[in-house]
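J.: What follows is a predicted structure for the sequence shown.
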Amino acid sequence: MDSTLADASAKNTVQDVKAGVEEKEEDENFEKERLRQEVDYMTSKVEQLEQKVNEVARFHTSSSRDKIQHSKPSFSLRDREREKINLNHRKQQEASRREVGCSKRMAELMRQFGTILRQVTQHRWAWPFMTPVDVQGLGLHDYHDVIKKPMDLGTIRRQMDAKGGTVYKNVCDICEDVRLVFKNAMTYNDDQSDVHVMAKTLSQKFEEKWNTLLPKVIEEEKRRKQEEADANSREMVDLRLSGETALEKLGSELDELNENLEKLRQEVAPKCRMMSVEEKRQLGHSLGELTPEDLSKALQIIAQKNPSFRPTEAEVELDIDAQDASTLWRLQYFVKAVLSVQAKTSIAKAQAKTKRKKEICDAIAKNARKRIRKMLS
């Protein structure tokens with residue numbers, strides 16, 4: 001009876017111990033998963049901020065290289081779209097105001113030019129130039145061989161009066177067409193012909209009147225260019241202010257991330273088990289397989305917890321045993337990831353080399369078979 005009770009008690013004790021161990025393992029697994037998720041989240045945040053830093057750097061590099069820059073860095077999809085919409089809206093509004101002002105001033109110049117054109121067309125010698133040249137009626141069979149772009153004053157007048165003003169946008173374009181009328185006439189007709197003399201006389205009168213309007217045309221062109229330059233300058237200021245705001249926001253996010261990383265580091269460090277002698281030996285061997293660039297990154301990891309450590313010196317002495325557990329495991333994680341990439345790269349190169357060798361061997365065998373068939377034939 002006593003023996004049976006003792007066996008039952010021992011069995012219950014074993015079950016309790018087993019249940020306690022399982023519960024402890026379950027708690028540890030839960031804690032590991034929680035920490036893993038936090039690390040993944042922090043890693044994602046670091047990658048996002050690195051991307052933002054690169055975009056800011058590219059923006060300022062591009063801005064210093066090009067005075068008129070029409071793009072800017074984006075920090076998130078929402079921010080990018082909002083800034084893009086706002087900037088485009090402001091540009092459209094300002095461009096619309098400039099266009100309205102310029103159109104009004106140009107309309108006034110065209111009105112004054114219309115007065116000049118009317119005075120020219122009222123001259124007693126203007127009648128040959130008021131309508132298109134009647135090539136067929138006058139038997140001028142070579143006219144289009146000599147004159148590539150026919151023009152007449154009546155056509156110019158109709159285009160100026162067209163509704164909507166879709167033909168001429170600038171008074172200088174009308175001036176060039178008037179000059180073309182007289183140039184065509186003087187080109188096709190002999191110097192001593194009546195048409196040539198009439199065209200030359202009207203051309204001189206037109207130029208005299210045009211010179212009275214020309215200063216206003218030049219002033220309008222200068223004003224238009226200055227307005228465009230001012231608009232570009234304001235756009236640069238907007239972009240610069242936007243970049244400065246983004247930098248302030250980025251700095252705040254970096255500070256917050258550093259605080260979270262430090263809290264996570266302090267939480268994880270006490271939970272790290274000590275690395276065994278064999279694991280340390282393997283870690284030291286793996287460090288020796290890194291490229292100089294990756295080795296420099298590994299030394300930076302050590303320097304983060306050891307301010308006195310100088311990773312940039314010509315010769316660096318590294319005592320694995322002197323490093324704390326969290327630093328060693330961070331090194332292990334980094335080295336493992338780097339060597340994994342190196343291994344995949346090496347395998348890809350080896351496969352490419354093997355493929356190339358096979359192609360060469362196949363080509364040699366093919367040529368050999370051709371020679372043998374040729375010898376046998």
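T.: Yep, it's here. Residues are numbered from 1 along each chain as shown.

J.: Just the element for the closest residue to residue 152 other than its chain neighbours, please.
T.: Distances taken as C-beta to C-beta, 6 or more residues apart in numbering put residue 132 closest to residue 152, at 5.1 Å, once the chain neighbours are dropped. Glycine gets a C-beta too; all of them are placed from N, C-alpha and C. Taking DSSP states H and E as the definition, one finds residue 132 inside no helix or strand.

J.: I figured residue 200 hits residue 189, correct?
T.: No - counting by C-beta atoms under 8 Å, residue 200 stays clear of residue 189, with 10.0 Å between them.

J.: for residue 233, what are its contacts?
T.: Not one residue lies near residue 233 by C-beta atoms under 8 Å, 6 or more residues apart in numbering.

J.: And the pLDDT for it?
T.: At residue 233, the model reports a pLDDT of 73.

J.: neighbours of the residue nearest to residue 152, just the number please.
T.: Neighbour count of residue 132, defined by other C-beta atoms under 10 Å: 11.

J.: repeat for the one 4 residues further on
T.: Here the neighbour count serves as a burial measure; for residue 136 (other C-beta under 10 Å) it reads 9.

J.: Residues contacting the helix or strand where it lies, please?
T.: Under the criterion of DSSP H and E, residue 136 resides in helix 135-138. With contact meaning C-beta under 8 Å, 6+ apart, helix 135-138 is reached by 141, 143, 144.

J.: Let me know the secondary structure of the first one.
T.: Using DSSP: H, G, I helix; E, B strand; the rest coil, the secondary structure recorded for residue 141 is coil.

J.: Please report how far it lies from residue 135.
T.: 8 Å (C-beta to C-beta, to the nearest Å).

J.: These two - which one has more neighbours?
T.: Between residue 141 and residue 135, counted using other C-beta under 10 Å, residue 135 has the larger neighbour count: 14 against 9.

J.: thinking residue 174 is in contact with residue 113, fair?
T.: Yes - between residue 174 and residue 113 a contact is recorded at 5.9 Å, counting by C-beta under 8 Å.

J.: Does the residue nearest to residue 152 touch residue 150 like I think?
T.: Yes - using C-beta under 8 Å, residue 132 is in contact with residue 150, at 6.2 Å.

J.: how far away is residue 283 from residue 341?
T.: For residue 283 relative to residue 341 (C-beta to C-beta), the value is 17 Å.

J.: Between the two, tell me which one has more neighbours.
T.: residue 283 (19 against 10).

J.: Assess the claim that the more buried one and residue 275 are in contact.
T.: Yes - contact criterion C-beta under 8 Å: residue 283 and residue 275 qualify, at 7.3 Å.

J.: Check the contact lists of these two and give me the overlap.
T.: In contact with both residue 283 and residue 275: 328, 332, using C-beta under 8 Å, 6+ apart.

J.: Next, the contact list for residue 275, please.
T.: Per C-beta under 8 Å, 6+ apart, neighbours of residue 275: 283, 325, 328, 329, 332.
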